[in-house]
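Novice: Build me a structure from this.
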Amino acid sequence: MALHVPRAPGFGSMMKDGAQHFSGLDEAIYRNIEACRQLSRSTRTTYGPRGMSKMLINHIDKLFVTADAATILKELEVQHPAAKLLVMASQQQEQEAGDGTNAVIIFAGALLSNAEELLRMGLSPSEVVEGYELAATKALEILPELVCMKVENLRDKMAVKEAIKPSITSKQYACDDYLSNLITQACISTLPKSTVADDDNRINFNVDNVRVCKILGSGVLASQVISGMVFKRKVETDITKVNNAVVAVYSCPFDALQTETKGTVLIKNAEELKSYSKGEENLLAERVKAIRESGVNVLVTGGKVGDHALHFANQHGMMVVRLTSKFDVRRLCQTVGARVLAKLTPPTPDELGRCDSVYIDEIADTACVVFKQVEGESTSRISTIIVRGSTDNLMDDVERCIDDGVNNYKALTRDCRLLAGAGAVEMELASKLAVYAETIPGLEQYSVEKFAESLEALPRALADAAGVSATALVSVMYAAHQGGNAHSGFDITMEEASVCDVVKDRKVMEPYLIKYWALKLASSAACTVLKVDQIIMAKQAGGPKPPAGGAGGDNDED
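Specialist: As a prediction, the model looks like this:
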């Protein structure tokens, strides 16, 4: 009989074999801070118009070349629990504002790096957290005072373009002006009738109403906007263009109806076989004729298209389009104002959709079906941006850029206020928080000072990416802000550390909502990490391990 060996006293004695625990400053807090700092450093170099791109290869060998922080964090598959908190904060920023994920990671990493200095000086984590919370509350109080302008009319193309262009510039510096024009046109065309925004009224703008269709070839400057839907498919019938289209949408196959249960038909001779087939054909012909007589000249189906049904559609002059995705069918219904029918029956007038023109267009040897609407008063409009590019990676990056631009417009519909960009808001907040810190009597004033210093991380990241001395830039910016110019930001067009009025001279602005959530979520994530004083990890469950490299796994990604 084996002897029972007593375990050493302590926390580990009450845990199962294989469990791990870390506690204290050295084992838990400093380790967490270091993990978050490394994550922040990895995305810091992608910040700003001059930021570098990352080349990522995920677990299924798909290649990504991008400077978009949200995509980088998604494909990194971070495992460290503290770093995951920062990733979750950036994901929340993506959901709330749609942009500014990199700013959250950089600012949270700077807060934690400065918190480590305070902890090594002798401050307790609770004192650091309390000071950070005071500073974050004060910063969010000051932020509305720094608003530089408002976009009162969301149909004003020039005002909207100026508001969303800086976001496009940070992703596609070479063709930012062209893309911002496309995005502005697409967003405004999908906007509902009520377009005057104020602080109390939110306009219902859906980002999914701006679609992207990527066609390989040519260059980004050959991209265009079409008011309607574009599908990379051919039509099934011989008709290639229909004006003033009346559209019927079916989710069932465009073919002879099948019985719900299996049945047996006993045929004794050739005459019975001929009459049976003829009866099915006559029934299908009557159905197609009834659909055509209801006014339909474009039929869209989500199932297969039978040969006989196609023959009768050609006879009656109907265009037939097959869509394999149920999501495409739903969006098309939203575009043309139709309802999806489950059976091949003649539609009622309420179930029909209208479209100005449906036609086949050939773009770089790719046949496309275009459902085009002329801009009018319809509120269920969908716009499609046709993205051209020389490589798939380039088009993917442009698509992510478009997504950020559309989300910036969405932020404007929720709050039309704008803040100065290029680091101007961060430096103004840092100057005001440094003054505020002097009014706090306790040890929390050191934390408030470090919070203000952490705000310098964003202008420093811009300077490092542009090859400019970050220390010289921060000094120049502080001097300009002390002189009373609250809109002084980094002038990225110059070869040295220089500032300018980014609102008047460069028109660099960003939506208020994006900056508000970035400050709030980054400070909250940093405080959450600092409040952790012990890490307890249970032994991992047993069972077969997954194959190396993810081979054979059930994954729907391309």
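
Novice: give me the number of residues near the nearest residue to Leu443 once chain neighbours are set aside?
Specialist: Spatially, and ignoring its direct neighbours in sequence, Leu443 is nearest to Glu127 (5.1 Å; C-beta to C-beta, 6 or more residues apart in numbering). C-beta: built from backbone N, CA, C; applies to glycine. Neighbour count of Glu127, defined by other C-beta atoms under 10 Å: 17.

Novice: can you pull the contacts of Glu127?
Specialist: Under the criterion of C-beta atoms under 8 Å, 6 or more residues apart in numbering, the neighbours of Glu127 are Gly442, Leu443, Glu444, Ser447.

Novice: Just give the closest residue to the third one, not the sequence neighbours.
Specialist: Counting by C-beta to C-beta, 6+ apart, Glu444 lies nearest to Gly131, which is 3.6 Å off, once chain neighbours are set aside.

Novice: Now the element after the helix or strand containing that neighbour, going C-ward?
Specialist: Element membership of Gly131, judged by DSSP states H and E, is helix 125-142. Once helix 125-142 ends, the next helix or strand along the chain (criterion: DSSP H and E) is strand 147-150.

Novice: Could you pull out the buried residues of that following strand?
Specialist: Using 16 or more other C-beta atoms under 10 Å as the test for burial, strand 147-150 gives Val147, Cys148, Lys150.

Novice: Export it to PDB, keeping only CA atoms.
Specialist: Written as PDB, here are the backbone C-alpha positions of strand 147-150 (Å, rounded to 0.1, in the frame of the first residue of the first chain):
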ATOM      1  CA  VAL A 147     -15.300  70.200 -29.600                       C
ATOM      2  CA  CYS A 148     -14.200  72.100 -32.700                       C
ATOM      3  CA  MET A 149     -17.300  71.900 -34.900                       C
ATOM      4  CA  LYS A 150     -20.500  70.000 -35.700                       C
END
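
Novice: looking only at pLDDT, what's the mean for that strand?
Specialist: Strand 147-150 shows a mean pLDDT of 88 in the predicted model.

Novice: could you say what helices and strands that strand packs with?
Specialist: Secondary-structure packing of strand 147-150 (3 or more C-beta pairs under 8 Å, 6 or more residues apart in numbering; DSSP states H and E): strand 417-420.

Novice: Can you give the strand pairings for the strand it packs on, parallel or anti for each?
Specialist: Next to strand 417-420 in the sheet, as set by DSSP bridges, lie strand 147-150 (antiparallel), strand 509-511 (antiparallel).

Novice: Tell me which other helices or strands the next helix or strand after the last one touches.
Specialist: Tracing the chain past strand 509-511, the next element assigned as helix or strand by DSSP H and E is helix 512-530. Other elements packing on helix 512-530 under the criterion 3+ C-beta pairs under 8 Å, 6+ apart are helix 30-44, helix 81-96, helix 101-121, helix 125-142, helix 392-414, strand 417-420.

Novice: switch the cut-off to 6 Å
Specialist: helix 81-96, helix 101-121, helix 125-142, helix 392-414, strand 417-420 (3 or more C-beta pairs under 6 Å, 6 or more residues apart in numbering; DSSP states H and E).

Novice: Ok, which of those comes nearest Ser223?
Specialist: Smallest distance to Ser223 across those (C-beta to C-beta): 7.5 Å, for helix 392-414.

Novice: what's the angle between the helix holding Gly131 and helix 512-530?
Specialist: Using axes from the mean of the first three to the mean of the last three C-alpha atoms, to 10 degrees, the inter-axis angle of helix 125-142 relative to helix 512-530 is 170 degrees.

Novice: any low-confidence regions in the chain?
Specialist: For the chain, residues meeting the criterion pLDDT under 70 lie at 1-24, 193-202, 257-263, 276-277, 375-380, 537, 539-558.

Novice: burial of the closest residue to Ala136 other than its chain neighbours, as a residue count?
Specialist: Once flanking residues are discounted, Ala136 sits nearest to Ser523: 3.8 Å by C-beta to C-beta, 6+ apart. When neighbours are counted by other C-beta under 10 Å, Ser523 registers 25.

Novice: who wins for proximity to Phe254 among the helices and strands packed on helix 512-530?
Specialist: Closest approach to Phe254 among the helices and strands packed on helix 512-530 (C-beta to C-beta): helix 392-414, 31.9 Å.

Novice: List the buried residues for that closest one?
Specialist: Result for helix 392-414 [16+ other C-beta under 10 Å]: buried residues 394-414.

Novice: Ok, stretch 77-87 next?
Specialist: Val78, His80, Ala82, Ala83, Leu85, Leu86, Val87.

Novice: Just put the helices and strands packed on helix 512-530 in CSV and tack on distance to Val225.
Specialist: What follows is the helices and strands packed on helix 512-530, written out as CSV (distance: least, C-beta to C-beta, whole Å):
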stretch, distance to Val225
helix 81-96, 24
helix 101-121, 26
helix 125-142, 37
helix 392-414, 11
strand 417-420, 24
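
Novice: Ok, which of these comes nearest Val320?
Specialist: Nearest of those (C-beta to C-beta): helix 392-414, 29.6 Å.

Novice: And that closest one, how far out from the chain middle?
Specialist: For helix 392-414, the separation from the chain centroid amounts to 7 Å (computed by C-alpha atoms, centre = their mean, to the nearest Å).

Novice: so what secondary structure elements neighbour it?
Specialist: Applying 3+ C-beta pairs under 6 Å, 6+ apart, one finds that helix 392-414 makes contact with helix 157-169, helix 176-189, strand 210-216, strand 383-389, strand 509-511, helix 512-530.

Novice: most packed of these?
Specialist: Comparing the helices and strands packed on helix 392-414 by mean neighbour count (mean count of other C-beta atoms under 10 Å), strand 509-511 comes out on top with a mean of 28.

Novice: Name the residues that touch that strand?
Specialist: Here strand 509-511 makes contact (C-beta atoms under 6 Å, 6 or more residues apart in numbering) with Pro166, Asn408, Ala411, Leu412, Leu418, Leu419, Gly421.

Novice: How about stretch 161-176?
Specialist: The contact list for stretch 161-176 (C-beta under 6 Å, 6+ apart) reads 48-49, 99, 151, 179-180, 184, 220, 401, 404-405, 408-409, 412, 418, 421, 507-508, 510.

Novice: for it, the distance to its chain's centre please.
Specialist: On the basis of C-alpha atoms, centre = their mean, stretch 161-176 sits 15 Å off its chain's mean C-alpha point.

Novice: hang on, the earlier thing: out of the buried residues of stretch 77-87, which one sits closest to Val370?
Specialist: Nearest member of these to Val370, counting by C-beta to C-beta, is Val87, at 39.6 Å.

Novice: just checking, that closest one touches Val78?
Specialist: Yes - using C-beta atoms under 6 Å, Val87 makes contact with Val78 at a distance of 5.3 Å.

Novice: how about the helices of the stretch 301-450 of the chain, start to end?
Specialist: Using DSSP state H, counting those that start in this stretch, the helices assigned to the stretch 301-450 of the chain run over residues 307-315, 326-336, 392-414, 424-437, 444-454.

Novice: Dump the buried residues of strand 147-150 to CSV, plus distance to His487.
Specialist: CSV is the format used below for the buried residues of strand 147-150 (distance: C-beta to C-beta, whole Å):
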residue, distance to His487
Val147, 11
Cys148, 6
Lys150, 15
